[in-house]
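J.: Everything below, folded, please.
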Amino acid sequence: MEPITYSFLPELPAAGPIREGLLALLSAALESPTAELESDLAYHQQRAPLHLWLALADEQVIGCKVGYERKPGHYYSWLGGVDNRFRGRSIARTLMQQQHGWCQQQGYHRIRTQTYNRWRAMLLLNLREGFDIVGTVQGAHGLAIVLEKQLQYQL
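T.: Just a heads-up that it's a prediction; the model follows:
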């Protein structure tokens, strides 16, 4: 079993193996064409910096969380996934916890995300990590479940 390392990037790389690995991982995990993901990433990157939390094995991207600021104090956890070969090793949970810890340090007090019922493992992880279902919206793959989490601060 390869050792897994975790890293944070304050912005999406313009090119290179990390960007290519991220696109390949997200394309497989989200069942979306790479060109569509590339377009979505470019669009969002123009609006606000995209932050990346990565899990790497042998310098290959095997897991990720991508997010950005929605508005002051509110963060959006946008995209994420784990390579099928590495599932069941708490990689998604570790990336989520790292993202939430960073958000707390940056002064965010609420995180929002969306998922679909078809990705039940992510839905259940969100619920276990303290998210509440706050609604639904029509998404690209049907009805999306909207979840929010209030971040707790240590006094």
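J.: Beta-bridge partners for the spatially most central residue of the chain, please?
T.: Nearest to the geometric centre of the chain sits residue 65, at 2.7 Å (CA atoms, centre = their mean). Listed by DSSP bridges, the beta-bridge partners for residue 65 are residue 53, residue 80.
J.: list the buried ones in the helix or strand bottoming out on mean pLDDT in the chain?
T.: Here the helix or strand of the chain ranked lowest by mean pLDDT, DSSP states H and E is helix 34-47, holding a mean of 91. Neighbour-count burial for helix 34-47 flags 37, 41, 44 (criterion: 16 or more other CB atoms under 10 Å). Placement of C-beta: from N, CA and C, glycine included.
J.: That helix packs against which elements?
T.: helix 17-30, strand 60-71 (3 or more CB pairs under 8 Å, 6 or more residues apart in numbering; DSSP states H and E).
J.: Relative to residue 5, which of the ones you listed is closest?
T.: Of all these, it is strand 60-71 that lies closest to residue 5, at 10.0 Å by CB to CB.
J.: how much distance is there from the closest one to the middle of the chain?
T.: Relative to its parent chain, strand 60-71 has a centroid offset of 4 Å by CA atoms, centre = their mean, to the nearest Å.
J.: swap in stretch 143-155?
T.: 14 Å.
J.: re earlier: out of the buried residues of helix 34-47, flag the one nearest to residue 16.
T.: residue 41 (13.8 Å).
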